[in-house]
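S.K.: generate a structure from the sequence data that follows.
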Amino acid sequence: MAMHLPKPIALYFKGEKSDDSEGLSVYFAADAVVLDESGTFKGLVAIQNWRAETKKKYNHTVEPLKAEERDGRTVVETRVTGNFPGSPVVLDYSFEVKGDKIASLEIG
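M.R.: Residues are numbered from 1 along each chain as shown. Take a look at the predicted model:
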C-alpha cells in the first residue's frame, strides 16, 4: 500500500535521499522550526546547517514506514539507519504544515 503524504512532507523525504540541503526552501517555510536532539533550529539557514551537520555526522538514511494525523499534525513513523549507536532506530517525525510549506518538524 502506498503512503499518501502531503506534498511538502513527501518532498522532505525525497530530499533526505540527496545532499541538497539548499533545496529546503521548496518545502520549508522561511520561519520554520526543527526540533531534533534537544536542539531548536529556526529559519532556513539554521535548518540547512542542521541538516548538513547531521548528514555529515551520522551518514544516515530515513525510510518512512507509516503516517497518521494526530492533533493537526502529520506524524510519520520512520526507520533511521546510520553511524550511531543502536542503529537502526524507529523515530516519529511530527510535521506541522501550513499552506504548502512545513512550518515545524519535531523528531523523536
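
S.K.: what's the mean pLDDT across the lengthiest helix in the chain?
M.R.: Longest helix in the chain, counting residues (DSSP state H): helix 44-58. For helix 44-58, mean pLDDT rounds to 93.

S.K.: list the buried residues in it.
M.R.: Buried residues in helix 44-58, counted by 16 or more other C-beta atoms under 10 Å: L44, I47, Q48, W50, R51, T54, K55. C-betas here are computed from N, CA, C, even on glycine.

S.K.: the first one contacts V26, correct?
M.R.: No. Applying C-beta atoms under 8 Å as the test, L44 and V26 come out as separate, 10.6 Å apart.

S.K.: now the helices for this structure?
M.R.: Taking DSSP H, the helices of the chain run over residues 7-16, 44-58.

S.K.: Throw these into JSON lines and include distance to E69, thanks.
M.R.: As requested, the helices of the chain are exported to JSON lines (distance: least, C-beta to C-beta, whole Å):
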{"stretch": "helix 7-16", "distance to E69": "12"}
{"stretch": "helix 44-58", "distance to E69": "23"}
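
S.K.: and of these, who's closest to A32?
M.R.: Of all these, helix 44-58 sits nearest to A32, with 6.3 Å by C-beta to C-beta.
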